[in-house]
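Chemist: any chance you can model this:
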Amino acid sequence: MVRSLYSLFLMALMPFIVLRLFWRSLKAPDYRKRIFERFACYARSYQQKGICLHAVSVGELMAARPLIAQIQKTYPHIPLTITTTTPTASKQVEIIFGNTVQHVYLPYDFPGAVKRFLNAFQPRLFVIMETEIWPNLFYTLNAKQIPLVMANARLAEKSVQGYKKFKFLFEKVLHNVNCIAAQSEMDVAHFKQLGAQPSQLFVMGNLKYDVSVPQSQVAKAKTIRASFSQQKVWIASSTHAAEEDLVLDAAIKIKQEQPDTLCIIAPRHPERFNALASSCLSRGLKIARHSQGQTVQPDTDILLGDTLGELFYFYELADVALVCGSFAKIGGHNILEPASLGLPIIVGPQMFHFKAILSEFMRFDAVIQIDDSEDLAATVLGLLNSPLRREQMGLRAQDIVLANQGAVLKIFQVLQPFIDLD
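Modeler: Sure, this is the predicted structure:
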């Protein structure tokens, strides 16, 4: 009865869901493409009896990357389907995995769409990354006796309070999950508050620590960096529109103080590439666009990282990393990627999606968290001019990453019995 009411409510929202899709497409036109996939209407057939893994966006996809590699290595004959929600994640799937996986958008949680999706793929196992909880999907998987594992599961206190308002629904929904592989004891406690049973819950660590470094990108960057080795380089990675002005303001201040600096800016979303380039030019900054093969010159102010799938390349070029999504109410982005390369890291005040990781890094003085944009230029300059401090911070960050690895094998061992079932 409760699920029926949920489905009716969802159906009533359909016009607003479609409108929101088109609204988002005004800034990101790719949201207008493949709309029928979001309702599980497919123009072609897909391989069946494989594994489905859902990663809603880029962050979840990158966390899942080493797990996906382990699945492909062990079960090369079993079809693997990766579903996402955002176009940016969809492009990353294509860049990283090519035709070694199947990819579609996960459909909206309408009963009919969920049934069409599962009929099309008939998976032997469904893996869902982190915190996506969809009542109709979970119920239908259980009804079809398809095992469901929540991998790298996390649940922030803020999310718990929101879900608890509908505990009568989510308690029943979580009972359809075979295993919840949680990141920490705190996440286990939060899932218990929503009604998950102790027999479902296991602490397995955070997959993000098992970061997969693309060595080809690192090697390429080392060669390129040699051509402008006299410059001091800092990167602002995964920037959002609301943060770009403060990054550019800081870049100008830093350049005035120290002319031999280069700032790399890698926007989070591709729809920002051209807008950011225009913003740089309007400020009189000389830019090099990586997508157009433009090389860094001695008087280049900004290297624009306007491609997807090459973030490690840009990190390897840098001496200091500013990880964005932390100056707007985004909740921060993954600091483990630059940490794995031994970079000193700066973040802003809004890191609520990475509280546990940030706490660990703060404890070992492996990250600098600043309160506002006014501190940014001074903090970057301080690190650029302190080689020893940069090295020490970077080594501590790298040690934290290495010390916390191992979640991939733990989660994979949980998945294996379900994959081996025929």
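Chemist: which strands and helices sit next to the helix or strand encompassing A250?
Modeler: Assigned by DSSP states H and E, A250 belongs to helix 241-257. In terms of contacts (3 or more Cβ pairs under 8 Å, 6 or more residues apart in numbering; DSSP states H and E), helix 241-257 is packed against strand 232-239, strand 261-267, helix 273-282, helix 376-384. For every residue, glycine as well, the C-beta is placed using N, CA and C.
Chemist: what about 10 Å?
Modeler: Where contact means 3 or more Cβ pairs under 10 Å, 6 or more residues apart in numbering; DSSP states H and E, helix 241-257 is packed against strand 232-239, strand 261-267, helix 273-282, strand 302-304, strand 320-323, helix 376-384.
Chemist: what's the spacing between Y315 and P344?
Modeler: 12 Å (Cβ to Cβ, to the nearest Å).
Chemist: what touches both of the two?
Modeler: Common contacts of Y315 and P344 (Cβ atoms under 10 Å, 6 or more residues apart in numbering): A321, P338.
Chemist: nearest residue to the residue most central in space within the chain in space, please, no chain neighbours.
Modeler: Nearest to the geometric centre of the chain sits G59, at 0.6 Å (Cα atoms, centre = their mean). In space, and not counting its chain neighbours, G59 is closest to N334: 6.1 Å by Cβ to Cβ, 6 or more residues apart in numbering.
Chemist: that neighbour and P214, how far apart?
Modeler: Look at N334 and P214: by Cβ to Cβ, they are 15 Å apart.
Chemist: please say which of those two ends up with more neighbours.
Modeler: The residue with more neighbours, out of N334 and P214, is N334; 21 against 16, by other Cβ atoms under 10 Å.
Chemist: got the contact list for that one?
Modeler: Taking Cβ under 10 Å, 6+ apart, we find N334 in contact with 58-59, 62-63, 208, 211, 237-238, 311, 323, 325, 353-354, 357.
Chemist: what about it, distance to E60?
Modeler: Relative to E60, and taking Cβ to Cβ, N334 is found at 10 Å.
Chemist: residues shared between the contacts of these two?
Modeler: Shared contacts of N334 and E60, counting by Cβ under 10 Å, 6+ apart, come down to K208.
Chemist: in a helix, L53, correct?
Modeler: No. Going by DSSP: H, G, I helix; E, B strand; the rest coil, the assignment for L53 is strand, not a helix.
Chemist: kindly list the main-chain dihedrals of R396?
Modeler: In terms of degrees, to the nearest 10, the main-chain angles of R396 are phi -60, psi -40.
Chemist: the helices in the stretch 301-422 of the chain, which residues?
Modeler: Listed in chain order, the helices of the stretch 301-422 of the chain (DSSP state H, counting those that start in this stretch) span 311-317, 336-340, 355-363, 376-384, 387-403, 407-420.
Chemist: show me what the fifth one is packed up against.
Modeler: For helix 387-403, the packing partners by 3+ Cβ pairs under 10 Å, 6+ apart come out as strand 320-323, helix 336-340, strand 345-347, helix 355-363, strand 367-369, helix 376-384.
Chemist: and that helix with helix 376-384, angle?
Modeler: Calculated by axes from the mean of the first three to the mean of the last three Cα atoms, to 10 degrees, helix 387-403 forms an angle of 90 degrees with helix 376-384.
Chemist: list the buried ones in the helix or strand of the chain with the lowest mean pLDDT?
Modeler: The weakest-scoring helix or strand in the chain, judged by mean pLDDT, DSSP states H and E, is helix 157-164 (a mean of 82). By neighbour count on 16 or more other Cβ atoms under 10 Å, the buried set for helix 157-164 is V160, Y163.
Chemist: ok, which of the helices of the stretch 301-422 of the chain comes nearest V149?
Modeler: Proximity of the helices of the stretch 301-422 of the chain to V149 was assessed by Cβ to Cβ; the nearest stretch is helix 407-420, lying at 6.1 Å.
Chemist: can you tell me which helices and strands the closest one packs against?
Modeler: Helices and strands touching helix 407-420, by 3+ Cβ pairs under 10 Å, 6+ apart, are strand 51-54, helix 58-74, strand 125-129, strand 148-153, strand 179-182, strand 201-203.
Chemist: what is the mean pLDDT for it?
Modeler: Helix 407-420 shows a mean pLDDT of 95.
Chemist: centre of the chain versus it, how much separation?
Modeler: Centroid displacement of helix 407-420 relative to its chain, using Cα atoms, centre = their mean, to the nearest Å, is 22 Å.
Chemist: repeat that for stretch 123-136.
Modeler: How far stretch 123-136 lies from its chain's middle: 17 Å, per Cα atoms, centre = their mean.
Chemist: from here on, count from 26
Modeler: Yes, from this point I'll number from 26; that puts the last item at stretch 148-161.
Chemist: quick one: I290 and L301 touch, right?
Modeler: Yes. Between I290 and L301 a contact is recorded at 6.5 Å, counting by Cβ atoms under 10 Å.
Chemist: the two: which has the busier surroundings?
Modeler: The neighbour count for I290 versus L301, taken as other Cβ under 10 Å, is higher for I290 (30 against 23).
Chemist: grab the nearest non-local neighbour of the more buried one.
Modeler: Excluding its sequence neighbours, the residue lying closest to I290 (Cβ to Cβ, 6+ apart) is A261, at 5.0 Å.
Chemist: go on, E157?
Modeler: Once flanking residues are discounted, E157 sits nearest to V81: 5.6 Å by Cβ to Cβ, 6+ apart.
Chemist: surely the one you found forms part of a helix?
Modeler: No. Applying three-state DSSP, one finds V81 to be coil, outside a helix.
Chemist: the residue lying closest to A346 once chain neighbours are set aside: neighbouring residues, count only.
Modeler: With sequence-adjacent residues excluded and distances taken as Cβ to Cβ, 6+ apart, A346 is closest to P363, at 3.8 Å. A count of neighbours around P363, defined by other Cβ under 10 Å, yields 30.
Chemist: now do the domain split for the chain, please.
Modeler: 46-235+430-445, 240-428 (automatic domain parsing).
Chemist: picking up where we left off before, export the contacts of N359 to TSV and tack on pLDDT?
Modeler: As requested, the contacts of N359 are exported to TSV (pLDDT from 0 to 100):
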residue	pLDDT
V83	90
G84	88
M87	91
A88	92
K233	94
V236	90
S262	96
S263	95
L336	94
V348	97
G350	93
H378	86
F379	89
I382	93
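Chemist: ok, of the residues you listed, which one's closest to K189?
Modeler: Ranked by distance to K189 (Cβ to Cβ), the contacts of N359 are led by H378 at 19.2 Å.
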